[in-house]
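In: What would the 3D arrangement of this be:
(2 chains)
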Protein chains: 2
Amino acid sequence: MTASTPVAFEDPQYREAVVDLLGAIAYGEISAFERLVEDAKLAPTLEDKVAIASMATAEFGHLAKLNARLTELGADPFAAMAPFQAAIDRFHEHTAPADWYEGLIKAYVGDGLANDFYREIAAYLDAGTRDLIVAALEEAGHSEFVVDRVRSAIAADPRLGGRLALWGRRLMGEALTQAQRVAADRDSLTALLAGGIDRPGLDLAAIGRMFTRITERHAERMAELGLDS
Amino acid sequence: MTASTPVAFEDPQYREAVVDLLGAIAYGEISAFERLVEDAKLAPTLEDKVAIASMATAEFGHLAKLNARLTELGADPFAAMAPFQAAIDRFHEHTAPADWYEGLIKAYVGDGLANDFYREIAAYLDAGTRDLIVAALEEAGHSEFVVDRVRSAIAADPRLGGRLALWGRRLMGEALTQAQRVAADRDSLTALLAGGIDRPGLDLAAIGRMFTRITERHAERMAELGLDS
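Out: Reported below is the predicted structural model:
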């Protein structure tokens, strides 16, 4: 650890939790990268394929900084990612898009959900870790592309809207299921929300409000796509 | 076209040839990106997977500049790529790696071959186009990783060396086959080598020397990997 490591890290549980969180985000980025490139195969044109591949490489671009911070904290980045591989892989297995539009919505809505969740947790961390996470989750600015493609497809075939609305709900359900499994497995992450040296904690009511905010933002994204949530 | 377009572009055949060449390189980058991510699935560890994915994103990073130049020349980038899709896709279909090591060698040797070929042609173009191509083909500096992995695998299992040497020859053969098809199809590219306004041409002896240089560099790369060529 460097001299600039803040006081919160004097609590070994805190350090462990931050390593867990960064490891989960890092594996999430690798995994999102792979799946986006896989889904790009469903693109109807080479131009659409390149647009999705650009989203993928933007995700991957964040990895180096996360890994550098993990190393700085004395952790092996790949060992830090290992505990989250199964849950994240399972999420992707259970949400393999059947077509191009399901892939687009997964890229936009699924990614948005994960980012909101990590950002909510980051708000309770030391400033350095928070800034790193917020930067790693920065939108690559491709949402306009997804919204445009999905809205015109629904205009051309209104029945598609019903199927894609169901798909959005399924993504939300799978994300919650896998997040709960991780929370049950990793005490450090749940302890994180309880607070510690130099950090305020969250009570149950605050956790409830956090999930309300995440659900509301999910509904906003679905509405932007022209879909019921 | 901008005011800075050099005199060589007064020849419409030259412009057409440069559009063809940039289109071929651009589609090659997209295609290499996709195949590298696909091959990354064969990686024995998450660390190896990330190393290959980094090579892939480096390839993809060159695309934006190639596309910007194509647009500047008054071409639609995706239309410029279209004539080369079939040959490049066929190359990849015929050289799908059977395992992780075949994938590594393809990434290193196949990429090296294509880059040498494009760089040779670039030497006969106007300075602006040449610099753009040379920058787009810059090695991402991952060759050390590939050489290290392949050499230790052969040390552990010497029979692997024989199989991988054959594989390297097959990559070379397939690359030549597809390059010849493209040359037969696209008059503009073959005319390019014959010279034009403000540009010297190549005679048959010079083309022969060019292929000798490409073959020699291929042999050097194979030797670096510890393989006969």
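In: Any residues of chain A in contact with chain B? List them.
Out: Within chain A, the positions lying close to chain B (C-beta under 8 Å from any C-beta of the partner chain) are A:27, A:30, A:33-34, A:37-38, A:40-41, A:45-47, A:49-50, A:53-54, A:57, A:60-61, A:63, A:78, A:81-82, A:85. From N, CA and C alone the C-beta is placed, and that goes for glycine too.
In: one more time with 6 Å, if that's ok
Out: Proximity of chain A to chain B (C-beta under 6 Å from any C-beta of the partner chain) is limited to residues A:37, A:46-47, A:57, A:60, A:78.
In: Same list, these, but as a markdown table with pLDDT please.
Out: Shown next, in a markdown table, are the residues of chain A next to chain B (pLDDT from 0 to 100):
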| residue | pLDDT |
| --- | --- |
| A:37 | 92 |
| A:46 | 95 |
| A:47 | 93 |
| A:57 | 91 |
| A:60 | 90 |
| A:78 | 97 |
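In: The lowest-mean-pLDDT helix or strand in chain A - contacts with which helices or strands?
Out: Here the helix or strand of chain A ranked lowest by mean pLDDT, DSSP states H and E is helix A:187-193, holding a mean of 77. If you count contacts as 3 or more C-beta pairs under 6 Å, 6 or more residues apart in numbering or on different chains; DSSP states H and E, helix A:187-193 packs onto helix A:12-40.
In: Kindly calculate the angle that the helix it packs on makes with helix B:12-40.
Out: Here helix A:12-40 points in a direction 130 degrees away from that of helix B:12-40 (axes from the mean of the first three to the mean of the last three C-alpha atoms, to 10 degrees).
In: Please identify the buried residues of whichever helix or strand comes after helix A:12-40?
Out: Downstream of helix A:12-40, the first helix or strand assigned by DSSP states H and E is helix A:46-61. Neighbour counts using 16 or more other C-beta atoms under 10 Å in any protein chain shown place A:46, A:48-61 of helix A:46-61 among the buried residues.
In: Give me the packing partners of helix A:46-61, helices and strands only.
Out: With 3+ C-beta pairs under 6 Å, 6+ apart as the test, helix A:46-61 has helix A:12-40, helix B:46-61 packed against it.
In: Just give the closest residue to the residue most central in space within chain A, not the sequence neighbours.
Out: Taking C-alpha atoms, centre = their mean, the centroid of chain A lies closest to residue A:114, which sits 2.5 Å from it. Leaving aside its sequence neighbours, residue A:114 sits nearest to residue A:28 (C-beta to C-beta, 6 or more residues apart in numbering or on different chains; 6.1 Å).
In: Check residue A:62 too.
Out: Nearest residue to residue A:62 in three dimensions, chain neighbours excluded: residue A:136, at 4.1 Å (C-beta to C-beta, 6+ apart).
In: where does that neighbour sit relative to residue A:60, distance-wise?
Out: 11 Å (C-beta to C-beta, to the nearest Å).
In: So which residues of chain A form helices?
Out: With helices called from DSSP state H, chain A shows them at A:12-40, A:46-61, A:63-72, A:77-94, A:100-105, A:111-122, A:127-136, A:143-156, A:159-185, A:187-193, A:204-224.
In: can those helices go into TSV with extra columns for distance to residue B:145?
Out: Converted to TSV, those look like this (distance: least, C-beta to C-beta, whole Å):
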stretch	distance to residue B:145
helix A:12-40	17
helix A:46-61	16
helix A:63-72	15
helix A:77-94	15
helix A:100-105	31
helix A:111-122	29
helix A:127-136	24
helix A:143-156	33
helix A:159-185	31
helix A:187-193	33
helix A:204-224	39
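In: Compare the ones you listed and say which comes out lowest on pLDDT.
Out: Comparing mean pLDDT across those, the weakest is helix A:187-193, with a mean of 77.
In: what's it in contact with?
Out: With C-beta atoms under 6 Å, 6 or more residues apart in numbering or on different chains as the test, helix A:187-193 has contacts from A:13, A:16-17, A:20, A:183, A:202.
In: Could you identify the buried members of those?
Out: Buried members of these, scored by 16+ other C-beta under 10 Å, are A:16-17, A:20, A:202.
In: And these, which two are furthest apart?
Out: Distances among the buried ones among the contacts of helix A:187-193 were taken as C-beta to C-beta; the most separated pair is A:16 and A:202, at 18.0 Å.
In: Quick one, grab the pLDDT at residue A:198.
Out: Residue A:198 is assigned 68 on the pLDDT scale.
In: again, but for residue A:139
Out: 67.
In: Now residue A:69. Nearest residue, chain neighbours left out?
Out: residue A:132 (5.6 Å).
In: residues near the one you found, how many?
Out: The tally of other residues near residue A:132 (other C-beta atoms under 10 Å in any protein chain shown) stands at 21.
In: same question, residue A:43
Out: Residue A:43 has 18 neighbours, counted by other C-beta under 10 Å.
In: cool, and residue A:210?
Out: Counted with other C-beta under 10 Å, residue A:210 comes out at 18.
In: Can you tell me how far the residue nearest to residue A:114 is from residue A:175?
Out: Distance, residue A:28 to residue A:175, by C-beta to C-beta: 11 Å.
In: between these two, who's got more neighbours?
Out: Ranked by neighbour count (other C-beta under 10 Å), residue A:28 and residue A:175 place residue A:28 first, with 24 against 19.
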